[in-house]
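generate coordinates for the sequence data below:
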Amino acid sequence: KRRATLRIGMPRVLNMYSQTPIFTGYFAALGIQAQNIVFSDYTSEEMYKEGAKRGAIDPCFPSKLGIPHVHNLLYRAHAKKPLDIIFFPMIDCLTSPLSHVQATRTCPTVATTPAAVKAAFVKEGDMFQERGIRFLDTFVNLSKPDLFERQMYEEFKDILGLSPEENQRAVEAGYRALEYFDNVTMRGAARQVLEQLEREDRIGVVLLGRPYHNDPGVNHEILEEFQKLGYPVFAQDSLPIDDDIIWRLFGPEVLAGECSGPMAINDVWKNSYSENTSRKVWAAKYVARHPNLVALELSSFKCGHDAPIYSVVEEIVEHSGTPYFCFKDIDENKPTGSIRIRVETIGYFLKRYREDMVRNKQKTNTIEQQLKEFEARLRRQMLRDRMDDSRVHESFEHGSMPPIHVTIGALAASASAGARVSGD
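I've put the predicted structure just below:
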């Protein structure tokens, strides 16, 4: 009964943008109602101004948003209908679809943001206790299911009255929820759009960024500006990874021994310890090999994990002749006018790029058709040269073989001369 009425708030920030299905799947498996799992609002200028006053440190903008989002849960969501728990886990490492990486760690600043947020709300009086809310900044390792299972059990065994077996089943349900969302819901929809682009010779934009750059308040609605111009935008985690697609794109390099596998990046980036960094590098490789995609890199001000790969990502994309665009050092300031001017300029370029792409494709198709016809003529000529029989030459001229007259006696003699092989 307690679980059926328990209300849990979760901030819509940072790596929750890529890992949330694990937690929602976990809670749902334990009987927490979907309507009782409450997320903070999307980032807005108003939210940031209301909540950021409590901040005492100056990290990157996405990390600074932790305080405004918890403030939003306290003063907006809780005011509408009381919350029992605010769950803001410290995520140390992430799940990964990649192979041959060193580790799948998160940014230390991002991982410890929940602890800094908690301090901001208890330093001058416990704002959570005053409202009857329990704040949980559980430390979790999502890339290690066994360890994650123990961490969640220690945190929720008393709160939810858990048994170890029930907790294990809930953790397994969480990972299944993430896998379904990633591979069926998200990548399945992305594949449909990508196939439509291929059929219609259109262009899509791939966001090369961190999970939280999908937040419109963090990306300053740059992605919406591209969509207004008719260019679908793919999050890098949504790129389809079905075998037929990734082997079409990466297969020749893998078979040639240039790369360890289609989901590997060790051919271009050896220091693959940060998972979100590795995903960005892999997505750059994907875009560079797909003719209907172009790259748009977003990076936040003070992002120490992005700085080492600026040139890596740019060179991967541009080396293939694929257009590359970027908005770097994004922070809380939103230069709306300059963003629109830049997007319009990029849109004009992409329009010309698509025209060239279609024109080159038509030329390629024409050349391929001419080559097929030329090959067919050569093959006929070679066959004609091998045939000395004038009647065969005549057949090439008239399009049919001449009649061959054979007497019945000759046929009978031919049949009697051949040895008959029995099937017994």
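
need the longest helix for this structure.
When the chain is parsed with DSSP state H, its longest helix is helix 336-386.

helices or strands up against it?
In this structure, helix 336-386 packs against helix 222-228, strand 324-330, helix 390-398, with contacts taken as 3 or more Cβ pairs under 8 Å, 6 or more residues apart in numbering; DSSP states H and E. The way it works is simple: take the backbone N, C-alpha and C, and place the C-beta from them, glycine included.

recalculate using a threshold of 10 Å.
helix 222-228, strand 293-300, strand 324-330, helix 390-398 (3 or more Cβ pairs under 10 Å, 6 or more residues apart in numbering; DSSP states H and E).

just name the most buried of these.
Most buried of the helices and strands packed on helix 336-386, by mean neighbour count (mean count of other Cβ atoms under 10 Å): strand 293-300, with a mean of 23.

could you name the helices and strands sitting against the next helix or strand after that strand?
Per DSSP states H and E, strand 293-300 leads on to helix 310-319 as the next helix or strand towards the C-terminus. Applying 3+ Cβ pairs under 10 Å, 6+ apart, we find helix 310-319 packed against strand 204-208, helix 275-289, strand 293-300, strand 324-330.

could the ones you listed be laid out in a markdown table, adding distance to Met382?
As requested, those are exported to a markdown table (distance: least, Cβ to Cβ, whole Å):
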| stretch | distance to Met382 |
| --- | --- |
| strand 204-208 | 45 |
| helix 275-289 | 37 |
| strand 293-300 | 42 |
| strand 324-330 | 47 |
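
and of these, who's closest to Asp158?
helix 275-289 (31.4 Å; Cβ to Cβ).

tilt between that closest one and strand 324-330?
Per axes from the mean of the first three to the mean of the last three Cα atoms, to 10 degrees, the angle that helix 275-289 makes with strand 324-330 is 160 degrees.

returning to that earlier point: centre of the chain versus the longest helix of the chain, how much separation?
What separates the centre of helix 336-386 from the centre of its chain is 28 Å, taken as Cα atoms, centre = their mean, to the nearest Å.

give me the angle between it and strand 293-300.
Going by the same axes, to 10 degrees, helix 336-386 makes 150 degrees with strand 293-300.

still on that earlier bit, of all the helices and strands packed on helix 310-319, which one is nearest His71?
When those are compared by Cβ to Cβ, strand 293-300 sits nearest His71, at 20.3 Å.

may I ask which helix or strand of the protein has the lowest mean pLDDT?
helix 390-398 (a mean of 60; mean pLDDT, DSSP states H and E).

roughly how far apart are Asp215 and Arg359?
Distance, Asp215 to Arg359, using Cβ to Cβ, to the nearest Å: 38 Å.

of these two, which one has the most company?
Taking other Cβ atoms under 10 Å, Asp215 and Arg359 do not tie; Asp215 has more neighbours (19 against 10).

show the contacting residues for the residue lying closest to that one once chain neighbours are set aside.
Nearest non-adjacent residue to Asp215, counting by Cβ to Cβ, 6 or more residues apart in numbering: Thr43, 5.1 Å away. Counting by Cβ atoms under 10 Å, 6 or more residues apart in numbering, Thr43 touches 12-13, 61-62, 65, 68-69, 72, 212, 215-220, 332.

go with 6 Å
With contact set as Cβ atoms under 6 Å, 6 or more residues apart in numbering, Thr43 has these partners: Leu65, Asp215, Gly217, Val218.

that older thread, could I get the helices and strands packed on helix 310-319 as a markdown table with distance to Asn141 and mean pLDDT?
Formatted as a markdown table, the helices and strands packed on helix 310-319 follow (distance: least, Cβ to Cβ, whole Å; pLDDT from 0 to 100):
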| stretch | distance to Asn141 | mean pLDDT |
| --- | --- | --- |
| strand 204-208 | 26 | 98 |
| helix 275-289 | 12 | 98 |
| strand 293-300 | 24 | 97 |
| strand 324-330 | 29 | 95 |
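
looking at those, which is nearest to Leu350?
Evaluated with Cβ to Cβ, the helices and strands packed on helix 310-319 place strand 293-300 nearest to Leu350, the distance being 6.7 Å.

can you state the direction angle for the closest one and helix 310-319?
Strand 293-300 and helix 310-319 are oriented at 170 degrees to each other (the same axes, to 10 degrees).

so what are the sheet partners of strand 293-300 and their directions?
Paired neighbours of strand 293-300 in the sheet (DSSP bridges): strand 204-208 (parallel), strand 324-330 (parallel).

CSV for those strands, including distance to Glu355?
Formatted as CSV, those follow (distance: least, Cβ to Cβ, whole Å):
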stretch, distance to Glu355
strand 204-208, 16
strand 324-330, 18
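
contact partners for the nearest residue to Leu223 once chain neighbours are set aside?
Nearest-residue entry for Leu223: Val233, 4.7 Å, with adjacent residues in sequence omitted and distances by Cβ to Cβ, 6+ apart. Going by Cβ under 6 Å, 6+ apart, Val233 touches Val205, Leu207, Leu223, Phe226, Gln227.
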